[in-house]
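>>> Sequence below, structure please.
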Amino acid sequence: MNLPSRSGVGGRRDDGPVNRTERLYALVEELRAVAPRARSSRWLAARFAVSTRTVERDLAALQRSGVPVSSTPGRDGGHRLDRAHTLPPLALSAEEAVALVVALRCGAGGPFGAAARRAAQKVLGVLGPAERVALDAAAERVRFLTDPDPVALSDLHRHIRARRVLALRYTDRRGRTGSRDVEPLGLLCAAEHWYLIAWCRLRSAVRGFRLDRIADLEPVDEIAPDRGLDLADATVTGLETRAARM
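Numbering: from 1, shown residues only. Predicted structure coming up:
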């Protein structure tokens, strides 16, 4: 999964023509190397021994996949890569690539589902046929017991990042439904359920709320105070056992 060297990213390599996947990666690295300066389509076409139309088609494909390439028309224009929003290439073994994609697929229903699917597609793009077969075999043996609503999880995670106080209508394990305001801390997947971990203002303590028991949820026009709590704290991580019983 290493990128080809700069001496081998043109129209041909010592072992034959460069495929499109290699050229796409090499295009990103060329733009990364000169960022924040731009490269014109004509310059890139000459660099990779292809037509300007091919270069522009490749750049459009990169943009659609989420690579932050911007294009400016005109004599002094060109194509630029925003280095602050990309990662350098990673050298992964085939086994590591399979493990990564399986993990991403397992998290497809979580708050980062859309991003996980895009990342998995990028890794798949550099796998060979044998690795793809191994991936499919591994993926068939992995199941997520939970079935969360990815849209709801994404919205909830946005409120968590913003530290927005939430007004809940919640049904507890005894079937009693009530209202309470909570200060969200994070999400937890324990046993067979997803939980919202939050500071409960009613109980003045950290509590876990099963997502399938939240009847209604509305963000309040209030930012939660910093109580010095973190999901890594023993007080919070020890909640998993209690949350699983709720």
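
>>> quick one, strands of this protein?
Assigned by DSSP state E, the strands in the chain fall at 12-13, 16-17, 69-72, 78-81, 164-171, 177-190, 193-200, 205-210, 214-223.

>>> Determine which of those approaches Leu104 most closely.
Nearest to Leu104 among the strands of the chain is strand 177-190 (15.2 Å), distances taken as CB to CB. Heads up, the C-betas are built off the backbone N, CA and C, glycines and all.

>>> so what strands line up beside that closest one?
strand 164-171 (antiparallel), strand 193-200 (antiparallel) (DSSP bridges).

>>> Domain map for the protein?
What automatic domain parsing lists as the domains of the chain is 6-85, 94-139, 150-245.

>>> Rounded mean pLDDT for the second one, please.
For domain 94-139, mean pLDDT rounds to 70.

>>> least reliable of the domains of the chain going by mean pLDDT?
Mean pLDDT values for the domains of the chain show the minimum at domain 94-139, a mean of 70.

>>> Distance of the residue lying closest to Arg164 once chain neighbours are set aside relative to Cys189?
Of all residues not flanking Arg164 in the chain, Pro219 sits nearest, at 4.5 Å (CB to CB, 6 or more residues apart in numbering). Counting by CB to CB, to the nearest Å, the separation of Pro219 from Cys189 is 22 Å.

>>> repeat for Arg23
Distance from Arg23 to Cys189, by CB to CB: 39 Å.

>>> neighbour count winner among those two?
Arg23 (22 against 17; other CB atoms under 10 Å).

>>> tally of neighbours for the closest residue to that one other than its chain neighbours?
What sits nearest to Arg23 in space, not counting adjacent residues and going by CB to CB, 6+ apart, is Phe48, at 5.9 Å. Residues lying near Phe48 (other CB under 10 Å) number 20.

>>> and if you look at the one 10 residues further on?
In terms of burial, Asp58 registers 20 neighbours under the definition other CB under 10 Å.

>>> which ones are touching it?
By CB atoms under 8 Å, 6 or more residues apart in numbering, Asp58 lies in contact with Arg20, Arg23, Leu24, Leu27.

>>> List only buried entries from these.
Arg23, Leu24, Leu27 (16 or more other CB atoms under 10 Å).

>>> isn't the last one right next to Ala45, touching?
Just to be clear, that refers to Leu27. No. The criterion here is CB atoms under 8 Å, and Leu27 misses it with Ala45 at 10.8 Å.

>>> and for these two, which residues touch both?
Shared contacts of Leu27 and Ala45 (CB under 8 Å, 6+ apart): Val55.

>>> Which one of the contacts of Asp58 is nearest to Leu211?
Leu24 (38.4 Å).

>>> ok, the closest one to Ala33 distance?
Distance from Leu24 to Ala33, counting by CB to CB: 15 Å.

>>> from memory Gly178 sits against Arg203, does it?
No. Using CB under 8 Å, Gly178 is not in contact with Arg203; the gap is 11.5 Å.

>>> now for the longest helix that the chain contains, which elements pack on it?
Taking DSSP state H as the criterion, the chain has its longest helix at helix 20-34. Helices and strands touching helix 20-34, by 3 or more CB pairs under 8 Å, 6 or more residues apart in numbering; DSSP states H and E, are helix 41-48, helix 52-64, strand 78-81.

>>> Mean neighbour count, these: which tops it?
strand 78-81 (a mean of 21; mean count of other CB atoms under 10 Å).

>>> Dump it to PDB, keeping only the CA atoms.
The C-alpha coordinates for strand 78-81 follow below in PDB (Å, rounded to 0.1, in the frame of the first residue of the first chain):
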ATOM      1  CA  GLY A  78      -4.500  25.900 -10.700                       C
ATOM      2  CA  HIS A  79      -5.300  23.100  -8.200                       C
ATOM      3  CA  ARG A  80      -4.400  23.300  -4.500                       C
ATOM      4  CA  LEU A  81      -4.500  20.800  -1.600                       C
END
